[in-house]
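Colleague: Quick check, what structure comes out for this input:
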Amino acid sequence: MIATVAGGVGAARFLRGLIEVVPADEVVAIVNTGDDTVLHGLHISPDLDTVLYTLAGVINPETGWGLANETWRVMEALGALGGITWFNLGDRDLATHCYRTQRLSEGATLSAVTNELTRSFGVAVRLLPVSDDPLRTRVQLAEGPEVGFQEYFVRLRHGVAVASVRFEGASSARPAPEVMDALRSADSIVVCPSNPVVSIGPVVAVPGLLDELERRRDRVIGISPIIAGAALKGPADRLLVEMGFESSVVGVARWYARWMGTLVVDEADAALAAAVEAEGVRCVVCPTVMSSVERSAALARTVLDAVG
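Modeller: Residues are numbered from 1 along each chain as shown. Reported below is the predicted structural model:
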């Protein structure tokens, strides 16, 4: 069994390739819920949904989030009423959030609802929210207030400087059922190419996970989301710098060194392999840009071969 630690778009693309290499029912994805938010009274789980839609083959290929061939009549009507529209929710996507909110209001856990959704979408990968308890990423702006992650990422288009990041609720959150068992029993633990600060950070902030990852460090392998000093998508490069790390594969290795034994970096960063290993992390160099399912699958094969 392969356990993965996952954020959003990059993780979803890697997982799509991974199930070309190993049977989907042998893959567990422990997914960040720090991005979750409540909007229009609905519980929205962006990372869980991005992974779900990608594995189901219904993701919008142009954006990497939301559903393909979506319509926007509700958002258009909401805008005409003067409602909040900075966080776009397509009409069919809204059905997912309505269902999740209904089931949570009935007393179901987020894990249970996620399992129901994966079955409905025909996804065999086991998707596990890292916790069923509230966990929220909060971003302190360098020149402004503290805001929720989605306000920073979507409303402000992650275009403002950040002073600090914290994970509200992390200290009292408990790992969701099956999360710790998955980490303990996995043949390998793969950290997907996700933002180290705000996608993987909330996951390892849940008590118990960091200790288990440290215990299994030799079986933990990650894929750098930074290539040639920059993030392909999102603010990972800027956030690393704002948190006091350099925007490079060396900075990524330093961020993860405590609990990750191997880091996969792109060929563009081959010259930095020795510097990565100087951080105490074994370095594997290969193409990491997942521009197609075939390239994602090739990356997955390399990752699995690297941990035996």
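
Colleague: all strands for the stretch 51-200 of the chain, in order.
Modeller: 126-129, 136-141, 146-148, 162-168, 188-191 (DSSP state E, counting those that start in this stretch).

Colleague: number of nearby residues for Gly280?
Modeller: 13 (other C-beta atoms under 10 Å). Quick note: C-beta positions are derived from backbone N, CA and C, even for glycine.

Colleague: A strand includes it, no?
Modeller: No: Gly280: not assigned to a strand; according to DSSP: H, G, I helix; E, B strand; the rest coil it is coil.

Colleague: what's near enough to touch it?
Modeller: Taking C-beta atoms under 8 Å, 6 or more residues apart in numbering, we find Gly280 in contact with Ala257.

Colleague: got it, and Ala297?
Modeller: Counting by C-beta under 8 Å, 6+ apart, Ala297 has contacts 17-18, 20-21.

Colleague: Which one of these sits in the busiest neighbourhood?
Modeller: Busiest of those [other C-beta under 10 Å] is Leu18, holding 26 neighbours.

Colleague: any idea how far that one is from Tyr256?
Modeller: For Leu18, the distance to Tyr256 equals 19 Å [C-beta to C-beta, to the nearest Å].

Colleague: And the nearest residue to Leu42 once chain neighbours are set aside, how far from Leu48?
Modeller: Nearest in space to Leu42, with sequence neighbours left out and distances taken as C-beta to C-beta, 6 or more residues apart in numbering, is His97 at 4.2 Å. His97 sits 11 Å away from Leu48, going by C-beta to C-beta.

Colleague: now Pro235
Modeller: Counting by C-beta to C-beta, the gap from Pro235 to Leu48 is 20 Å.

Colleague: Tell me which of those two has more neighbours.
Modeller: Neighbour totals were compared for Pro235 and Leu48, and Leu48 leads with 28 against 20 (other C-beta under 10 Å).

Colleague: Can you give me the neighbour number for Arg157?
Modeller: 10.

Colleague: what's the distance between it and His97?
Modeller: Counting by C-beta to C-beta - Arg157 and His97 are separated by 22 Å.

Colleague: try Gly41
Modeller: Taking C-beta to C-beta, one finds Gly41 at 10 Å from His97.

Colleague: same deal with Leu89?
Modeller: 7 Å.

Colleague: joint contacts of these two?
Modeller: 42, 44.

Colleague: Tell me where this protein has helices.
Modeller: 9-18, 46-56, 73-81, 91-105, 110-120, 149-150, 179-185, 201-205, 209-215, 236-242, 249-256, 273-278, 293-306 (DSSP state H).

Colleague: quick one: the fourth one to helix 46-56, angle?
Modeller: Per axes from the mean of the first three to the mean of the last three C-alpha atoms, to 10 degrees, the angle that helix 91-105 makes with helix 46-56 is 120 degrees.
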